[in-house]
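In: my questions concern the predicted model and sequence given below.
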Amino acid sequence: MFTESRRLRDELRTTHARIAALEAERNDYLRKDRRAGVLTLDAFREAAAAALRGSQRRGEPAALVLVDIDGFKALNGRRGAKAGDEALAAVASRLRELVRGGDVLGRTGADELAVVMPGANLAGARGVAERLVAILEQTGPVTVSAGIAVDGGTGQLDGLMADASAILERARIAGGGRVGAPGRQPSVEPSRGAIGALALALSERDRGTGEHAEQVVALAGAVARRLNLDGEDVERIAAAALLHDIGKVAIPDSILSKPGALNDEEWSVMREHSVIGERILRAVPGLGPVARMVRHGHENFDGSGYPDGLRGDEIPLGSRIVLACDAFDAMTSERPYREAMSQADAIAELEAKSGTQFDPRVVAALVGYLVDRTPVDYAARTAA
């Protein structure tokens, strides 16, 4: 009888433990935002407030980093809610990799994440935010802006959120893709003068390259608008088109001005220009997204390009646009070693390499623009 009673008590304790575990799992599930994989707003506020109170009791500093996805509304409008959810999840995943175990990370808005960092000062919070911005500039799929606020000993979450939000707004107004912090005004969007100066330097280095860039800008802008990209994206793509060959300033004249075809060794040197171009542009505040487009300006849609062998949607859309427009202008321009192609033949070449070298959507948009602009050439081509 005693043995049976003990067995029943053990079973009851086991059942209670299982119920408690299931309840804890359920509560944890309800506290997590399913899209971002971080705490929901309510759960974040509860955990963040507790963390701030703990820092206050210990006399430690604390900081809050507020992160906002640049152009999120336009991304949802252009590619749908699924793309927005994927971008949010990607940013949250990157941020989770950067924060510490005791930090509190949550989703505080449709395109906004926040992390409370107990024990962290301004420098520590800024380091996390700047690494996040840099990583996303290089890897995508989106860029972010961040605002930092530091607790002055009050332990009040609402005050920190308000301060960080105001600083974040200044970062967004300055052009996005940057970090704002107390006592530090975010750098403004690079002036047209800075971009123009780089373009002038390229033109002075090689007049033909500069003129070619201007033609690519016109084509790339037209294609971007046909793909219904927003104004900010069109401007960035135009900048990438203007500066896509900026790395050639470091290429020796013997290669850059060679009248004939390049040999394998010379091509190896020439292929470095996209990486060099990226390094040059990353030195200009706010040009990170443009630098990324320039780096990948010779990636082919099927993965056979360089420098990283990206394929399909892994390649920034701006890079895919510039590649096709660059190729078309090159084909229809006279070179010392060959005559210029007709527009009809160049269009045929674009279509032949659609899906291999070029993005089919980009080719369709570019051909559509060219046909609308000069229908006579297209009619001659189809008649032939």
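Out: Received, thanks.

In: give me the number of residues near K73?
Out: Counted by other C-beta atoms under 10 Å, the residues lying close to K73 total 12. (Each C-beta comes from the backbone N, C-alpha and C, glycine too.)

In: buried set for stretch 280-298?
Out: Neighbour-count burial for stretch 280-298, with 16 or more other C-beta atoms under 10 Å as criterion, is recorded at 280-282, 284-298.

In: which of those residues fall in helices?
Out: The helices, defined by DSSP state H, take in I280, L281, R282, G288, P289, V290, A291, R292, M293, V294, R295 from the buried residues of stretch 280-298.

In: nearest to A348, of those residues?
Out: Nearest to A348 among those, counting by C-beta to C-beta, is M293 at 26.7 Å.

In: against A181, how distant is that closest one?
Out: The span separating M293 from A181 equals 27 Å under the rule C-beta to C-beta, to the nearest Å.

In: and A166, helix, strand or coil?
Out: Three-state assignment for A166 (DSSP: H, G, I helix; E, B strand; the rest coil): helix.

In: could you do the one 5 residues further on as well?
Out: A171 falls in the helix class when you classify it by three-state DSSP.

In: point me to the helix or strand that includes the nearest residue to it once chain neighbours are set aside.
Out: Once flanking residues are discounted, A171 sits nearest to G180: 3.8 Å by C-beta to C-beta, 6 or more residues apart in numbering. G180 is part of strand 179-180 when elements are defined by DSSP states H and E.

In: quick check: mean pLDDT across that strand?
Out: What strand 179-180 shows for mean pLDDT is 88.

In: show me what it pairs with in its sheet, parallel or antiparallel.
Out: Using DSSP bridges, the strands paired with strand 179-180 in its sheet are strand 144-150 (parallel).

In: T108 belongs to a strand?
Out: Yes - remark: T108 belongs to a strand, assigned using three-state DSSP.

In: quick one: contacts for it?
Out: Applying C-beta atoms under 8 Å, 6 or more residues apart in numbering, we find T108 in contact with L41, F44, L66, A114, M161.

In: follow-up on the earlier one: tell me the one of the ones in helices among the buried residues of stretch 280-298 nearest S333?
Out: When those are compared for distance to S333 (C-beta to C-beta), V294 wins out at 20.4 Å.

In: contacts for stretch 47-65?
Out: With C-beta under 8 Å, 6+ apart, stretch 47-65 has contacts from 39, 102, 104, 106, 114-122, 124-125, 128-129, 146-151, 153-157, 160-161, 164.

In: swap in stretch 259-278?
Out: By C-beta under 8 Å, 6+ apart, the list of residues contacting stretch 259-278 from outside reads 243-252, 255, 258, 291-292, 294-298, 306-307, 336-337.

In: please redo it, this time with the cut-off set to 6 Å
Out: With C-beta atoms under 6 Å, 6 or more residues apart in numbering as the test, stretch 259-278 has contacts from 246-248, 250-251, 255, 291, 294-295, 297-298, 306-307, 336-337.

In: what's the answer for stretch 231-246, then?
Out: 195, 198-199, 202, 209, 213, 216-217, 220-221, 224, 277, 280, 289-290, 293-294, 297, 318, 321-322.

In: and it, how far out from the chain's middle?
Out: Stretch 231-246 sits 14 Å away from the centroid of its parent chain (C-alpha atoms, centre = their mean, to the nearest Å).

In: cool, stretch 161-168 as well?
Out: When C-alpha coordinates are averaged (C-alpha atoms, centre = their mean), stretch 161-168 and its chain have centres 23 Å apart.

In: pull out the buried positions in it.
Out: Neighbour-count burial for stretch 161-168, with 16+ other C-beta under 10 Å as criterion, is recorded at M161, D163, A164, S165, I167, L168.

In: how much space separates the second one from G286?
Out: Translated: D163. D163 sits 23 Å away from G286 when distances are taken as C-beta to C-beta.

In: circling back to that earlier point, from the ones in helices among the buried residues of stretch 280-298, which two are the most distant?
Out: The distance between the two most remote of these (C-beta to C-beta) is 14.7 Å, for I280 and P289.
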